[in-house]
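Participant: A predicted structure for the sequence below; I have some questions about it.
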Amino acid sequence: MPTIKVDETRCKGCELCAAACARKCITMSTTFSATGYYPAVCCAPDRCTGCGLCYQVCPDLAITVFKEEKK
Amino acid sequence: MLQVTKRPESLLDVKMHYCPGCGHGVAHRLVAEAMDELGIRERTVGVAPVGCAVFADHYFNCDMIQGPHGRGPAIATGIKRSRPGCVVFSYQGDGDLASIGMAETIHSAARSENITIIFINNAIYGMTGGQMAPTTLVGQKATTCPTGRDPRVNGYPIRVCELLAQIEGAKYLERTSVHTAANVLKAKKAVKKAFQCQLEGRGFSLVEIVSTCPTNMGLSPLDACKFVQEKMLPQYPLGVFKDIEGGKHDASRN
Amino acid sequence: MGEKLLMKGNDALAEGAVRAGCRFFAGYPITPQNEVPEYMSWRLPQAGGAFVQAESEVAAINMLYGAAATGTRSMTSSSSPGISLKQEGISYCAGADLPIFFANVVRGGPGLGNIAGAQGDYHQSVRGGGHGDYRTFVMAPNSVEEMGNFPRRCYEVAERYRVPAMILSDGVLGQMMEPLEFKFPEVDPKTLKAPDWALGECRGRKNRLVGSYDLNEGRLEILTVNRAQRYREIEEKEVVFESRQCEDAELVLVAYGVAARAAAAALKLARAEGIKAGLLRPITLWPFPKRQLLELAGRVKGFLVVEMSLGQMVEDVRLATEFRAPVHLHARPSGVTPTGEEILQKIKDVMKAGKGERACCK
């Protein structure tokens, strides 16, 4: 299943990724990260298509996108 | 699992100091990806400005120089003329490029210096704390026009691409934005084309990136993107202003 | 090398720089230094270098900042008001430890002033000029031959210590013609070792940064203090001066540049009248020949500083001599060149007034 990984040490909680996600897979954490932000989390991995729009808008390169390898 | 996005090699793996939602981070990535894709990282020299992007010299993984406010194009000229084999870019904000450095901007275009300028237009001074920029919109509030930019007192915003389009030496000019994913992808193409313009020896190239400064706009990152869409783009329409083919540089002048 | 040539001071300066390995020049027109960019505009392309007529002095110095950062021997020149405009860039180069070379063909000031030769930019040159704590290596030629031969020394000192180096000339030296000989073999910049800080291609090495800022608390102080160590070394090793007939002198004239030519004429006249005068000509204005002046102060009756400014170098002479002997001043500011006769008169006045009387600033 495609998914994203958010680097909590880099995410500043700007929410741009959440707004960019067409399938509403990203939400903001309700707990602080070590750097004092509410980082983005992938709340619905089953909906993620790995389109990478969140990566495109992330100013901090905090998101890495993964897709399943084609067999 | 297959990792489909990768931090560009041309961007050092360090945390950037920019405020949450600031457009600089995306702009940095686009420049770095263009360097990676064109395979020019090891022969690129970048010029970091005065302003928030002063620390760009600590983010790009190529040789970097940091210079006085507004003088990026002059510094880039000195580098390019002494090392014509290098790819040279100058990264500048609106106060840097369109106010204190306007003469350097226009004359490097007039000389058609074979350099690339990445121009971040967020309509405000960032590092100094939100003063009126040469690109601040009429009516937009800033710390030096607290009731909004009044043309009778503060004059009008400058449209850089339109201004430079009149100059023969400007060979590639495009205005892009980074306020939506679709626009980021377009901006990426523009940055790459600007570097290609330099690699082909065509002369002066500039990509204007309409960007956000949530902190000094006094808006959330999302509202700042909305501000770009609704307020800035009518003043600063996106598009290619110039893309002149040919006109290859005379190598002897370098 | 060895060939006798007849050249104008400004042309000699430009040719001397090219022979010393200069391959980049950026400048902006201003009288009385225009021959330098004019000469460079055809000479540098011939030598495989680049010439740019900049849109302003501000742009010119920043082009130099860029070129010097690549390790290219480069140069800019201007005259007083233009040098004022370049000060910010010079400060950046000093802060970035870049070896740059520039020349000021001084004219009368302040303000627009006039276009005659003057020495009013002394303080600006030797005290730093721009903002922040830094020093500039300053050489003051007094002949066309020195105009042509000093650029090489400036490059060597600038590169050895990574400091800005300048030639402080003036409108008279820039415009006059004299025979000269370039007394050094032409430098092929390709034979120079590429510095380990120069920007360019980072293939096979870590990327390099050139800049002058550090926001971490205390770190900038460390950089500045380390740089000051190099300044001390320059003061120790790089002083150049000329001494004439100081051995038995009772009164020593102190003058640099074109004023030293007038002082030399006065010295000849004075000696002809049996007056025991001498001449000490600082050739490097920073570092200043402090030790030599202090040594003289112990055995002469006084000094007479001759300068084409209101009284700037006189302060350095007083500091160097620690007030052990009276220091008098003959000042002709704002574009007037003194004559040997008027200096002789001043020598006589000073000698008559006798030892112990404090200098009058006339």
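Facilitator: Everything's here; your move. Predicted, not measured: the structure shown is a model, and the values here were computed from it.
Participant: around B:Phe195, count how many other residues there are.
Facilitator: Neighbours of B:Phe195 under the rule other Cβ atoms under 10 Å in any protein chain shown: 24. Placement of C-beta: from N, CA and C, glycine included.
Participant: ok, now A:Thr9?
Facilitator: Neighbours of A:Thr9 (other Cβ under 10 Å): 13.
Participant: and stretch A:59-71, what's buried?
Facilitator: A:Pro59, A:Asp60, A:Leu61, A:Ala62, A:Ile63, A:Thr64, A:Val65, A:Phe66, A:Lys67 (16 or more other Cβ atoms under 10 Å in any protein chain shown).
Participant: for the stretch 101-250 of chain C, what lies in contact range of chain B?
Facilitator: Where the stretch 101-250 of chain C comes near chain B, counting by Cβ under 8 Å from any Cβ of the partner chain, the residues are C:Leu199, C:Gly200, C:Glu201, C:Cys202, C:Arg203, C:Asn207, C:Arg208, C:Leu209, C:Val210, C:Gly211, C:Ser212, C:Tyr213.
Participant: low-confidence bits of the chain, can you list those?
Facilitator: All of this refers to chain A. Applying pLDDT under 70 to chain A flags the ranges A:71.
Participant: looking at chain B here, not the other one
Facilitator: The model of chain B has pLDDT under 70 over residues B:246-254.
Participant: after the longest helix anywhere in chain B, which helix or strand is next?
Facilitator: When chain B is parsed with DSSP state H, its longest helix is helix B:181-199. Once helix B:181-199 ends, the next helix or strand along the chain (criterion: DSSP states H and E) is strand B:204-210.
Participant: strands paired with that next one, and their directions?
Facilitator: Using DSSP bridges, strand B:204-210 pairs in its sheet with strand B:116-121 (parallel), strand B:170-177 (parallel).
Participant: can you tell me which of those is most buried?
Facilitator: Comparing the strands paired with strand B:204-210 by mean neighbour count (mean count of other Cβ atoms under 10 Å in any protein chain shown), strand B:116-121 ranks first with a mean of 29.
Participant: about what we covered before: which one of the strands paired with strand B:204-210 lies nearest to B:Arg202?
Facilitator: Closest approach to B:Arg202 among these (Cβ to Cβ): strand B:170-177, 4.6 Å.
Participant: helix, strand or coil: sort out the one residue in chain A that gets nearest to chain B for me.
Facilitator: Closest contact between chain A and chain B, by Cβ to the nearest Cβ, is at A:Pro59 (3.0 Å). Three-state assignment for A:Pro59 (DSSP: H, G, I helix; E, B strand; the rest coil): coil.
Participant: for it, list the residues it contacts.
Facilitator: Applying Cβ atoms under 8 Å, 6 or more residues apart in numbering or on different chains to A:Pro59 gives the contacts A:Lys12, A:Cys14, A:Leu16, B:Met16, B:Tyr18, B:Pro20, B:Gly21, B:Cys22, B:Gly23, B:His24, B:Gly25, B:Val26.
Participant: in helices, which of the residues you listed fall?
Facilitator: Filtering these for helices - DSSP H - leaves A:Leu16, B:His24, B:Gly25, B:Val26.
Participant: tell me how many other residues crowd the second one.
Facilitator: Which is B:His24. B:His24 sits with 28 neighbouring residues when counted by other Cβ under 10 Å.
Participant: in terms of contact, does it touch B:Leu11 like I think?
Facilitator: No. Contact criterion Cβ atoms under 8 Å: B:His24 and B:Leu11 do not qualify, at 11.9 Å.
Participant: who wins for neighbours among the contacts of A:Pro59?
Facilitator: Busiest of the contacts of A:Pro59 [other Cβ under 10 Å] is A:Leu16, holding 31 neighbours.
Participant: any idea how far that residue is from A:Cys58?
Facilitator: 7 Å (Cβ to Cβ, to the nearest Å).
Participant: if we can go back for a sec, closest one to C:Glu295 among the strands paired with strand B:204-210?
Facilitator: Ranking those by their distance to C:Glu295 (criterion: Cβ to Cβ) puts strand B:116-121 first, at 56.5 Å.
Participant: output the closest one in PDB with nothing but the alpha carbons.
Facilitator: Only the C-alpha atoms of strand B:116-121 are listed here, as PDB (Å, rounded to 0.1, in the frame of the first residue of the first chain):
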ATOM      1  CA  THR B 116      20.300  32.500 -13.600                       C
ATOM      2  CA  ILE B 117      18.300  34.400 -11.000                       C
ATOM      3  CA  ILE B 118      15.800  32.900  -8.700                       C
ATOM      4  CA  PHE B 119      13.600  35.700  -7.500                       C
ATOM      5  CA  ILE B 120      11.300  35.100  -4.500                       C
ATOM      6  CA  ASN B 121       8.500  37.600  -4.500                       C
END
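Participant: off-centre distance for it?
Facilitator: Distance of strand B:116-121 from the chain centroid (Cα atoms, centre = their mean, to the nearest Å) equals 1 Å.
Participant: try stretch C:326-341
Facilitator: Computed by Cα atoms, centre = their mean, the chain-centroid distance of stretch C:326-341 equals 19 Å.
Participant: stretch C:146-163 - what's its average pLDDT?
Facilitator: Across stretch C:146-163, pLDDT averages out at 98.
Participant: give me the phi and psi for B:Val138.
Facilitator: Note on B:Val138: backbone dihedrals following degrees, to the nearest 10 are phi -60, psi 130.
Participant: try A:Ile26
Facilitator: When read as degrees, to the nearest 10, the backbone of A:Ile26 gives phi -110, psi 140.
Participant: what sits against B:Phe195?
Facilitator: Taking Cβ under 8 Å, 6+ apart, we find B:Phe195 in contact with B:Ala34, B:Met35, B:Leu38, B:Ile40, B:Val87, B:Phe89, B:Thr116, B:Ser205.
Participant: skipping adjacent residues, who's closest to C:His50 in space?
Facilitator: No, residue C:50 isn't His; it's Ala. Spatial nearest neighbour of C:Ala50, chain neighbours left out: B:Arg81 (4.0 Å); criterion: Cβ to Cβ, 6 or more residues apart in numbering or on different chains.
Participant: in a strand, that neighbour, correct?
Facilitator: No. With three-state DSSP as the criterion, B:Arg81 is helix rather than part of a strand.
Participant: name the residue of the stretch 251-362 of chain C that lies nearest to chain B.
Facilitator: Counting by Cβ to the nearest Cβ, the stretch 251-362 of chain C gets nearest chain B through C:Trp286, at 23.4 Å.
Participant: specify the local secondary structure of the residue in chain C that chain B sits nearest to.
Facilitator: Closest to chain B within chain C is C:Gly66: 2.7 Å, counting by Cβ to the nearest Cβ. Under three-state DSSP, the three-state class of C:Gly66 is helix.
Participant: that one: neighbour count?
Facilitator: Look at C:Gly66: counted by other Cβ under 10 Å, it has 34 neighbours.
Participant: rewinding a little: make a PyMOL selection of the buried ones in the contacts of B:Phe195.
Facilitator: Here is the PyMOL command that selects the buried residues among the contacts of B:Phe195 (16+ other Cβ under 10 Å):
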select buried, chain B and resi 34+35+38+40+87+89+116+205
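Participant: what's the closest of the contacts of B:Phe195 to C:Ala228?
Facilitator: Taking Cβ to Cβ as the measure, C:Ala228 sits nearest to B:Phe89 out of these, at 34.5 Å.
Participant: list the contacts for the closest residue to the closest one other than its chain neighbours?
Facilitator: The shortest distance from B:Phe89 to any non-neighbouring residue, by Cβ to Cβ, 6+ apart, is to B:Thr116 (4.4 Å). B:Thr116 is in contact with B:Val87, B:Val88, B:Phe89, B:Ser90, B:Ala194, B:Phe195, B:Cys197, B:Gln198, B:Ser205, B:Leu206, B:Val207, counting by Cβ under 8 Å, 6+ apart.
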